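Chemist: no sequence for this one, just the structure:
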């Protein structure tokens, strides 16, 4: 389990670095588009590029948000549960969500492969966009891995539990 956590931590640093670069590029492109629109003409394809960069930013930040537990959690009902029942509910949640995102990753990969083989390109700039689809699939797969790690950690010793903050 320690090795899996080290690998996921390493991958998380790479993914969040790429997501941060994509976010900065999105901001610069958005600013540049607004600026050039006022002084000359807008940047062609900026809407398309911001969409691709947004997909990269969001997909690669999913695992980071799960590691930090930054996703929205509504615990109106579970806040009244005992510690044991909270573990069971969170375990079911982690496992079912991990399965969902693993399936989403698989299906997104299949879609990316179809886009690749069809030679489909973006409308304005004619960019091949299957690599962006694969990055989204990778982000989903990484989130599934993190959720699986959370599930396993939840039922290890008490001190290693991600439930410490509950």
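Modeler: In hand now; what should we look at? As the structure is a computational prediction, the values presented were derived from the model and not from experiment.

Chemist: Please make it C-alpha for all contacts and neighbour counts, starting now.
Modeler: Will do.

Chemist: Need the pLDDT of the spatially closest residue to residue 124 that is not a sequence neighbour.
Modeler: Leaving aside its chain neighbours, residue 124 sits nearest to residue 45 (5.7 Å; criterion: CA to CA, 6 or more residues apart in numbering). Looking at residue 45, its pLDDT is 91.

Chemist: so residue 45 makes contact with residue 127?
Modeler: No. Applying CA atoms under 8 Å as the test, residue 45 and residue 127 come out as separate, 10.0 Å apart.

Chemist: the more surrounded of those two?
Modeler: With neighbours defined as other CA atoms under 10 Å, residue 45 and residue 127 compare such that residue 45 has more, 15 against 12.

Chemist: May I see the buried residues of the top helix by length along the chain?
Modeler: What stands out as the longest helix in the chain, according to DSSP state H, is helix 2-39. Buried residues in helix 2-39, counting neighbours by 16 or more other CA atoms under 10 Å, are found at 8-9, 11-12, 15-16, 18-20, 22-23, 25-26, 29-30, 33.

Chemist: of those, closest to residue 92?
Modeler: Distance ranking of these against residue 92, using CA to CA, places residue 8 first at 21.4 Å.

Chemist: leaving aside the residues next to it on the chain, what's closest to the closest one?
Modeler: Leaving aside its sequence neighbours, residue 8 sits nearest to residue 146 (CA to CA, 6+ apart; 7.3 Å).

Chemist: before we move on, which element is the one you found in?
Modeler: Element membership for residue 146, per DSSP states H and E: helix 130-154.

Chemist: any idea of the mean pLDDT in that helix?
Modeler: Mean per-residue pLDDT for helix 130-154: 96.

Chemist: Provide the angle between the direction of that helix and the direction of helix 2-39.
Modeler: 140 degrees (axes from the mean of the first three to the mean of the last three CA atoms, to 10 degrees).

Chemist: Report all helices and strands that helix 130-154 contacts.
Modeler: If contacts are counted by 3 or more CA pairs under 8 Å, 6 or more residues apart in numbering; DSSP states H and E, helix 130-154 sits against helix 2-39, helix 46-67, helix 83-118.
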